[in-house]
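Peer 1: quick one, structure for this:
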Amino acid sequence: MFSRFGTAAVLSLVAFQGAQAQSPPPASAFGRLPGVQSVAMSPAGDQLAILGGGPAARTVRFATIDKPGETQLALGDVQTMDVRWVGEGYVLVRAAYWQTVGPRNAYRFERNVVVDNKGKVVSTLLEGDNPSAYALSQPVLGVVDGEKPKALVLGLDQVVDNGEGSLGTRLVRKGVINPLVWTLWRVDVAKGRGAVAERGTPDTKRWSVDADGEARVRVDEDIISHKVSLYARAKGQKQWRPLASADREDSYLGYSDAEDAAFMIRKGADGVAQVIRIRLAGGEPEPVGKAVANQDVGLLRDSHLTTPVAIVSGGERPVYEWLDPQLATVHGALSRAFKGRDVLLTGWSKDRTRFVARVTSPSAPATWYLFDRARKEISPLGEEYPELKDQALGQTRWLTYKARDGLEIPAYLTLPPNAPASGGKLPLIVMPHGGPAVRDAFDFDWWAQFLATRGYAVLQPQFRGSGGFGDAFEKAGEREWGGKIQTDLLDGVASLAADGVVDPARVCIVGASFGGYSALAGATLNPDAYRCAVSVNGVSDLPQALGETVTAYGKESDSFRYWRQVMGSTVGDPTALTSISPARRVSKATPPVLLAWGERDTTVLPAQSERMRDALQAAGRPVETLALEKDDHYLTNSASRTRVLEATEQFLAKHLPVAR
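Peer 2: This is a model prediction of the structure:
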């Protein structure tokens, strides 16, 4: 098998095998929650709030730059997302908790906990007896600094009739049962209580606010037609007026205070996307930046000025088109210093003398840095995976291959540490992402890297239906869950096998969420292609999943409409969903399966994994299970992640050993 690559390849393979003989880092080093999860800088630039901690507990550390010592608040075993300053004295910690209704129905709520810069919890935004308690999340849409800082929070309130009797008729016509509407609250962060700033209509989804906290753009989506409409209230005006319309809510990118304008994406039939600016006071849309083809587009914003500073797009990795020359200079200098990695400026002081940057790549765990422009100093603030420092990790590269119908499919390929670029007929893990309308990022993937350090090549295809590559590419995956999406995965294996990188007879498929569905679909719809499958929180029965969505959100919900559109329906074909439901396609050919699920999963209910377990057992097929009692859909605690990694390693060792 070595003749194709010659003597150099043989020597490389010997070196690779020697490296693999060394003990790789333990599963806990990959499965731990990040040591640094989020860093925020105060407006003046002299204080930092650092969210992170050890594997078992989260903390917020407060440090004053140029002064020794720090204050620490222990949050304990709680799920946290990020931190954000409000003024110079308070930090918002976004955290989540679960509330169980009945024996299995759990609901996940996100709330904003207010902590002062001495490390004391002082309030929770919108706490108390008001309708916002029913909102699963309460996004902060803006903050206003000052002696009594305020947060603008998206919550709920009772719908109010205008006195003309039309609102009640409108609610009846649209079938709205619960008369709660999205409401913009202006909240005193020290007390947690607030007053209504704007009350929406039954169609309202959200607002954008200016630097003073005044609502300038309102986004509505008609409950029946799902048409998205933008309404504007320019500075100096009191009334809302129609501004623009769109097919999708995400066509609206945000508001610019400096220009008193809305930013949107205008997309052509050819897949070209152009950012445009619409002045709220009137005028024709103006193009901003370069048009991009077959890529999603977003904005990076200055939170102090409430203004976009860069257009972000990209395929393999993010591409920044800077709208602010000063920030472009800073980003360029840091990108040269960390060549080959992505540098994300996550925040900066109002005077732009100090910056926080997250630096990462698929082959290196992220590290957070403080950059002082005046001193020209870069100081590390912490590593996300400190136990992996100086460890041999897999090397990741970007590639494309053609699907059987000619569609170009991009992918990340990670090879084991010190493996030759040619691979050498390695055992392969196909690792489809979740979603499906998301994508893998140019970032460190703890799961893929763990598998690579165990000796496996890992292929992460951005199959049709993935987000990030334009509307046409995403739409191509609709109603193809069990069809072309799955053959996209198989075509990736075939491409690598044709190049001699992997052994097509030694392949398993591993995934979570939609990736878990793909793993189960691979095991049941294409059982000859895979030796084994690992599904974490995967869907196994599509009709049952749609029924669960109706039970949770109703037949008129956005969730049900979306899933029926992308998954398919039984209208006109009663077998359309059953024929691609893994739990209904188990046979004697189905390879061994490992099922893991979070008992608190509210996205894909545990019943989906249990349904697959029962089907496999009834058919006499080998199945292993791992129930994670205190975790959810996203594996949000270190113990669960580590257990999944360890179980996967043991399972693969039995069914796909690295050594032949």
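Peer 1: can you tell me the closest non-neighbouring residue to Leu280?
Peer 2: What sits nearest to Leu280 in space, not counting adjacent residues and going by C-beta to C-beta, 6 or more residues apart in numbering, is Ala234, at 3.8 Å. Quick note: C-beta positions are derived from backbone N, CA and C, even for glycine.
Peer 1: can you list contacts of the one helix or strand Ser28 maps to?
Peer 2: Using DSSP states H and E, Ser28 falls within helix 27-31. Outside of helix 27-31, the residues within contact range by C-beta atoms under 8 Å, 6 or more residues apart in numbering are 55, 385, 387-388, 391, 446-447, 449-450, 453, 638, 640-646, 649.
Peer 1: now swap in stretch 185-194 and tell me
Peer 2: The contact list for stretch 185-194, computed with C-beta under 8 Å, 6+ apart, reads 86-87, 90, 92, 114, 122-128, 132, 148-155, 195-197, 213.
Peer 1: buried sites along that stretch?
Peer 2: 185-190, 192, 194 (16 or more other C-beta atoms under 10 Å).
Peer 1: dump it to PDB, keeping only the CA atoms.
Peer 2: Once side chains and other backbone atoms are set aside, the C-alpha atoms of stretch 185-194 remain, and they are given as PDB (Å, rounded to 0.1, in the frame of the first residue of the first chain):
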ATOM      1  CA  TRP A 185     -38.700  47.400  28.200                       C
ATOM      2  CA  ARG A 186     -36.300  50.100  29.600                       C
ATOM      3  CA  VAL A 187     -34.900  48.500  32.700                       C
ATOM      4  CA  ASP A 188     -33.000  50.000  35.600                       C
ATOM      5  CA  VAL A 189     -30.100  47.500  35.900                       C
ATOM      6  CA  ALA A 190     -29.500  48.100  39.600                       C
ATOM      7  CA  LYS A 191     -33.100  47.300  40.400                       C
ATOM      8  CA  GLY A 192     -34.000  44.800  37.700                       C
ATOM      9  CA  ARG A 193     -37.400  46.500  37.100                       C
ATOM     10  CA  GLY A 194     -38.400  48.600  34.100                       C
END
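Peer 1: figure out how far it is from the centre of its chain.
Peer 2: On the basis of C-alpha atoms, centre = their mean, to the nearest Å, stretch 185-194 is displaced by 29 Å from the centre of the chain it belongs to.
Peer 1: heads up, I number from 46, so please use that
Peer 2: Okay, residue one is now 46; in that scheme the one you just asked about reads as stretch 230-239.
Peer 1: before we move on, back to that, and the buried residues of stretch 230-239, which is closest to Ala502?
Peer 2: Looking at the buried residues of stretch 230-239 and their distance to Ala502, the nearest is Val234, at 49.4 Å (C-beta to C-beta).
Peer 1: next one, pLDDT for that closest one please.
Peer 2: Here the pLDDT value assigned to Val234 is 97.
Peer 1: the helix or strand hosting Val232 pairs with which strands?
Peer 2: Remark: Val232 resides in strand 225-233, with elements defined by DSSP H and E. Sheet pairing here is set by DSSP bridges, and for strand 225-233 it gives strand 195-203 (antiparallel), strand 239-244 (antiparallel).
Peer 1: hmm, back to that, just the buried ones from the contacts of stretch 230-239?
Peer 2: Judged by neighbour count, with buriedness set by 16+ other C-beta under 10 Å, the buried members of the contacts of stretch 230-239 are 131-132, 135, 137, 159, 168-172, 177, 194-200, 242, 258.
Peer 1: so which elements touch whichever strand or helix holds Ala318?
Peer 2: Element membership for Ala318, per DSSP H and E: strand 317-324. Using 3 or more C-beta pairs under 8 Å, 6 or more residues apart in numbering; DSSP states H and E as the contact criterion, the elements in contact with strand 317-324 are strand 306-312, strand 331-338.
Peer 1: contacts only, for Val337.
Peer 2: For Val337, the contacting residues are 317-318, 358, taking C-beta under 8 Å, 6+ apart as the criterion.
Peer 1: I misspoke; the intended subject was Val631.
Peer 2: Counting by C-beta under 8 Å, 6+ apart, Val631 touches 569, 660-661, 663-664, 666.
Peer 1: 6 Å instead?
Peer 2: Remark: with contacts taken as C-beta atoms under 6 Å, 6 or more residues apart in numbering, Val631 is in contact with 569, 660-661, 664.
Peer 1: give the ChimeraX command for selecting the buried subset of those.
Peer 2: The buried subset of these, as determined by 16+ other C-beta under 10 Å, is captured in ChimeraX by this line:
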select :569,660,661
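Peer 1: just the contacts of Val631: which are in strands?
Peer 2: In strands, defined here by DSSP state E, there are no members of the contacts of Val631.
Peer 1: is there a neighbour count for the closest residue to Ala628 other than its chain neighbours? I'd like the number.
Peer 2: For Ala628, the nearest residue in space outside its immediate sequence neighbours is Ser585; the separation is 4.0 Å by C-beta to C-beta, 6+ apart. One way to gauge burial is a neighbour count; for Ser585, by other C-beta atoms under 10 Å, it gives 31.
Peer 1: confirm Ser585 sits in a strand?
Peer 2: No - looking at Ser585 with DSSP: H, G, I helix; E, B strand; the rest coil, it is coil, so not inside a strand.
Peer 1: so it is in contact with Met657, correct?
Peer 2: Yes - assessed by C-beta atoms under 6 Å, Ser585 is found in contact with Met657 at 3.8 Å.
Peer 1: which residues are in contact with each of these two?
Peer 2: Ala628.
Peer 1: just the helices in the stretch 346-495 of the chain please.
Peer 2: Taking DSSP state H, counting those that start in this stretch as the criterion, the stretch 346-495 of the chain carries its helices at 370-382, 491-498.
Peer 1: take the ones you listed and lay them out in JSON lines including distance to Thr398 and mean neighbour count.
Peer 2: Output for the helices of the stretch 346-495 of the chain, formatted as JSON lines (distance: least, C-beta to C-beta, whole Å; neighbours: other C-beta atoms under 10 Å):
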{"stretch": "helix 370-382", "distance to Thr398": "10", "mean neighbour count": "15"}
{"stretch": "helix 491-498", "distance to Thr398": "34", "mean neighbour count": "25"}
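Peer 1: closest to Val616 out of these?
Peer 2: Across those, the minimum distance to Val616, taken as C-beta to C-beta, is reached by helix 491-498, at 37.0 Å.
Peer 1: against which helices or strands is the helix or strand following that closest one packed?
Peer 2: Note on helix 491-498: by DSSP H and E, the next helix or strand toward the C-terminus is strand 502-506. Applying 3 or more C-beta pairs under 6 Å, 6 or more residues apart in numbering; DSSP states H and E, we find strand 502-506 packed against strand 453-460, strand 471-475, helix 491-498, helix 529-543.
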